[in-house]
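**Q** build me a structure from this.
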Amino acid sequence: MTVTDTTEPFIGHVVLDAPAEHPTLGFNLIATALATIVLTSEPRFAVGIFGGWGSGKSTLMDEIERHVVRDDRAIVVRFNAWRYEREPHLIVPLLDTIRGQLADQAALPSHEGPDGDRMRTIARRVGRVVRALVRATSVQIGVAGVGSVALDAGQVIDELSPPSEDVATAPQSLYFAAFTELAEAFADVERANVSRIVVFVDDLDRCLPTSALTMLESMKLFFDMPGFVFVVGLDERAVEAAVRTKFATPPTRSDRPEVDRQIEREYLKKIFQVPYTLPTMAPRQLVDLLDWLDRHGRFSAVQRQDLRDRVRRYLRYVASEGRINPREIKRYLNAYTIRRMMRPDLDPDTMLALQTIDFRGDWDEIYEDVVLAEPDVFVEVLARFRDGDRHAFENLWPEVGVLPLELSEFLRSAEAASLAKAGDIERYLSFIETTRSSQSWVNDAMRDVGTLRQHVRDVPGTLRFGEPDARQLAEHLKDVLGRLAGYDQRARGRFGSTLDAPLAKLRQLLNVLAPSAADGSTETAPDQVDRWRQDFRRRIDDLQQELRLIRRSSAFGPA
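**A** Below you'll find the predicted structure:
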């Protein structure tokens with residue numbers, strides 16, 4: 001195996017979190033199929049591209065768009081719902097974006113003549129509707145020195161449809177007038193030599209659930225107008241959460257969960273006639289993605305060699321059962337690149353080993369409760385584990401239990417060898433945490449929790465409450481609790497008084513361990529010590545859980 005030349009300075013480039021210009025993972029074939037459906041089917045439907053965070057929705061949509069724009073008779077509209085989330089009615093910026101694209105297309109040299117004139121006419125009519133809706137939805141406008149001026153909704157209707165003496169034929173509803181105008185305008189689209197208007201809606205799952213639902217409701221208004229195809233990328237869980245909030249069944253219904261799930265499924269079915277869910281990456285595709293990054297990642301020479309010789313070996317452990325999304329791979333590579341450049345004095349294999357454990361969400365417990373809390377002890381136990389002591393971790397940390405199979409394999413692998421020999425692991429952890437979390441004090445608090453565990457672990461069954469040994473132990477524990485109380489002050493501003501309750505209970509247990517001098521020592525049975533130890537451990541668990549929540553909520557980006 002080739003080893004990267006460590007004498008050359010490591011200069012790296014981050015991988016941008018943007019849709020790929022040269023997609024991999026079979027996206028070309030998928031995009032071709034979906035684009036063909038968009039261009040050859042009757043234009044009155046919606047395509048849903050479903051996938052979780054970082055699954056490649058934007059990349060696939062861009063590839064579909066590249067196919068669609070090759071059709072001269074299709075007009076492509078790109079609408080980013082997230083940019084307009086603060087708008088009270090998303091139908092307004094959506095219509096205005098369509099108007100702008102029609103106007104831009106009409107100005108192209110290829111559309112000179114009657115076709116361009118018709119497009120401009122359609123754009124003007126859409127613009128009239130946008131202005132009318134803006135005026136009507138701003139029911140009252142504050143004017144300096146005057147107060148509020150109420151708009152005349154009837155006047156707005158007249159702008160769209162001239163008043164008629166016959167009430168039976170004149171629109172009396174603003175929205176009826178608006179959509180009558182839109183229907184008539186878009187009826188001329190085909191006469192302008194336009195086969196369809198394809199609207200790509202991306203970043204919908206970046207909106208608040210209510211805004212995402214509003215966007216979908218706005219789209220439904222176009223389904224009665226021929227000529228429109230929507231291609232929407234979203235995380236269906238975000239939409240389902242919004243639907244659940246809006247249409248949830250009464251809590252008294254015994255079949256509430258089943259009914260709610262049915263409502264969520266039916267809602268999406270009614271909107272998206274063509275659904276496609278992006279699958280998670282299979283193990284073989286991880287290799288394909290890394291090869292693609294090697295070719296298109298714009299890495300420096302030393303970074304590319306490091307990726308080939310070292311980083312690839314760790315990435316196979318980042319994915320749970322070999323499955324992961326592309327964005328997570330980019331985050332992993334970028335985190336390593338930045339850390340490697342900031343601290344060239346640190347061993348890259350030790351850094352990668354710790355980063356790998358941290359990146360695995362299903363290994364959080366071992367990373368937070370063991371690696372962060374008791375790093376030096378972790379190194380010692382890891383060495384025994386690698387030497388064949390299969391129960392080394394569960395014997396010392398029974399609350400952790402049996403290690404997951406993939407974690408056991410990683411800890412025994414060549415990639416974790418440097419961890420078992422790390423003599424200064426705290427230096428690595430401190431650095432990793434400062435580049436991961438906005439609350440660097442949490443790492444120190446985790447260490448103090450580990451110190452509490454070590455003290456309690458060493459309590460002998462022969463201890464007598466109130467005796468000098470017990471009082472000395474109480475003094476050590478009280479010092480640690482004092483430091484943790486200081487961290488509680490930092491947590492109050494942003495996270496509330498989350499550490500206060502478990503700290504108070506731990507202090508109560510110290511009073512049992514070291515009662516006041518007037519009470520003196522007491523006869524203490526071994527089972528009393530065991531119960532005290534168990535109670536103290538439970539309260540430590542409560543404290544650690546609160547710190548775990550703070551650490552995760554203050555992380556830079558998804559953990």
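**Q** what sits against Trp82?
**A** 203-204, 206-207 (CB atoms under 8 Å, 6 or more residues apart in numbering). All C-beta atoms are positioned from the backbone trio N, CA, C, and that covers glycine.
**Q** for Tyr336, same thing?
**A** Counting by CB under 8 Å, 6+ apart, Tyr336 has contacts 311, 348, 351-352, 355.
**Q** so which of these wins on neighbours?
**A** Within these, Leu352 tops the neighbour count with 25 neighbours, counted by other CB atoms under 10 Å.
**Q** so what's it closest to, chain neighbours aside?
**A** Sequence neighbours aside, Tyr314 is the residue nearest to Leu352 in space, at 4.7 Å (criterion: CB to CB, 6 or more residues apart in numbering).
**Q** please report how far that neighbour lies from Arg412.
**A** Counting by CB to CB, to the nearest Å, the separation of Tyr314 from Arg412 is 14 Å.
**Q** the two: who's more crowded?
**A** Remark: of Tyr314 and Arg412, Tyr314 carries more neighbours, 22 against 17, as counted by other CB under 10 Å.
**Q** thinking Asp202 is in contact with Lys57, fair?
**A** Yes - the pair Asp202 and Lys57 qualifies as a contact (CB atoms under 8 Å) at a distance of 7.3 Å.
**Q** strands of the stretch 51-200 of the chain, start to end?
**A** For the stretch 51-200 of the chain, the strands defined by DSSP state E, counting those that start in this stretch cover 74-80, 140-143, 147-150, 196-202.
**Q** kindly export the first one (C-alpha atoms) in PDB.
**A** In this case it means strand 74-80. C-alpha atoms of strand 74-80 as PDB (Å, rounded to 0.1, in the frame of the first residue of the first chain):
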ATOM      1  CA  ALA A  74     -40.400  24.100 -23.500                       C
ATOM      2  CA  ILE A  75     -40.000  27.000 -21.100                       C
ATOM      3  CA  VAL A  76     -38.100  26.200 -18.000                       C
ATOM      4  CA  VAL A  77     -38.800  28.100 -14.800                       C
ATOM      5  CA  ARG A  78     -36.600  27.700 -11.700                       C
ATOM      6  CA  PHE A  79     -38.400  28.600  -8.500                       C
ATOM      7  CA  ASN A  80     -36.500  28.500  -5.100                       C
END
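**Q** care to break the protein down by domain?
**A** As given by automatic domain parsing, the domain ranges for the chain are 35-277, 284-436, 445-553.
**Q** check contacts around the nearest residue to Thr350 once chain neighbours are set aside.
**A** In this structure, Thr350 finds its nearest non-sequential neighbour in Ser418, 4.4 Å apart by CB to CB, 6+ apart. Applying CB under 8 Å, 6+ apart, we find Ser418 in contact with 347, 349-350, 353.
**Q** what's the answer for Arg125, then?
**A** Counted by CB under 8 Å, 6+ apart, Arg125 has contacts 181-182, 184-185.
**Q** of those residues, buried ones?
**A** Buried members of those, scored by 16 or more other CB atoms under 10 Å, are 181-182, 185.
**Q** okay if I get the residues you listed as JSON lines plus distance to Ala46 and pLDDT?
**A** Listed next are the buried ones among the contacts of Arg125 as JSON lines, based on distance: CB to CB, whole Å; pLDDT from 0 to 100:
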{"residue": "Glu181", "distance to Ala46": "23", "pLDDT": "80"}
{"residue": "Leu182", "distance to Ala46": "17", "pLDDT": "81"}
{"residue": "Ala185", "distance to Ala46": "21", "pLDDT": "82"}
